[in-house]
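Trainee: Sharing a sequence plus its predicted fold:
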Amino acid sequence: MEQTNLSLTLREQHKNLVGMIVKIKEQAAQDTPNAEEILKELEIFKESLLGHLNIETSEFYPQLLEKLSQSGKDIDKTKEFIGKMEGIASQVIAFFETYNNTQKINDNIDHFRTNLDKIIDILSIRIEAEEDFVFTDWEYLAM
Ligand SMILES: [Fe+2]
């Protein structure tokens, strides 16, 4: 992927991911939610998110650490930050594992809604943190 545009691509993906999960929340909020439709959207969302996380883990973060050390910056904070971001990713992946069939969604739609809200919250934290901290660092270094 093109180096300087990497953070811009990732920012764009964040927007798309938020749009997708908000749509799932709206579907789940209906009086009689369609679990099949929710599961389908959830699987598309999962694939997009995993693709995004893969770019961050295998391309963005290693390259950022390299750029930071090359410019003589302290990378301890960034490494600590990456560790926290990995923790967030594991929580989101656990959610997908909890709701991997329509029965699990239908059995307790209220729990699904509550857990989905939690996932949206922690995902938003990760997105905001990345955009405010590491993407900003990346764009500053690219100038
Ligand atoms: Fe991200």
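Mentor: Sure, I can see it.
Trainee: State the pLDDT value of the residue sitting furthest away from the middle of the chain.
Mentor: Computed with Cα atoms, centre = their mean, the residue of the chain farthest from its C-alpha average is Gly72, at 29.2 Å. pLDDT for Gly72: 93.
Trainee: low-scoring stretches of the chain, by residue?
Mentor: 1-4, 143 (pLDDT under 70).
Trainee: Where does the residue farthest from the centre of the chain sit: helix, strand or coil?
Mentor: Secondary structure, DSSP: H, G, I helix; E, B strand; the rest coil: Gly72 is coil.
Trainee: Now do the buried residues in the helix or strand where His52 lies.
Mentor: For His52, the element it lies in under DSSP states H and E is helix 35-55. Of all the residues in helix 35-55, those buried under the rule 16 or more other Cβ atoms under 10 Å are Ala35, Ile38, Leu39, Glu41, Leu42, Phe45, Lys46, Leu49, His52, Leu53. The way it works is simple: take the backbone N, C-alpha and C, and place the C-beta from them, glycine included.
Trainee: Tell me the one of the residues you listed nearest Glu128?
Mentor: His52 (15.1 Å; Cβ to Cβ).
Trainee: I'd like to know how far the closest one sits from Arg113.
Mentor: Distance, His52 to Arg113, using Cβ to Cβ, to the nearest Å: 24 Å.
Trainee: Likewise for Glu26?
Mentor: 11 Å.
Trainee: Between these two, tell me which one has more neighbours.
Mentor: Shown here are Glu26 and Arg113; by other Cβ atoms under 10 Å, Arg113 has more neighbours (15 against 10).
Trainee: Quick one: residues contacting that one.
Mentor: Lys25, Ala28, Ala29 (Cβ atoms under 8 Å, 6 or more residues apart in numbering).
Trainee: what do you get if the cut-off is 10 Å, keeping everything else the same?
Mentor: Contacts of Arg113 were listed using Cβ atoms under 10 Å, 6 or more residues apart in numbering, and they are Lys25, Ala28, Ala29, Pro33, Ile105.
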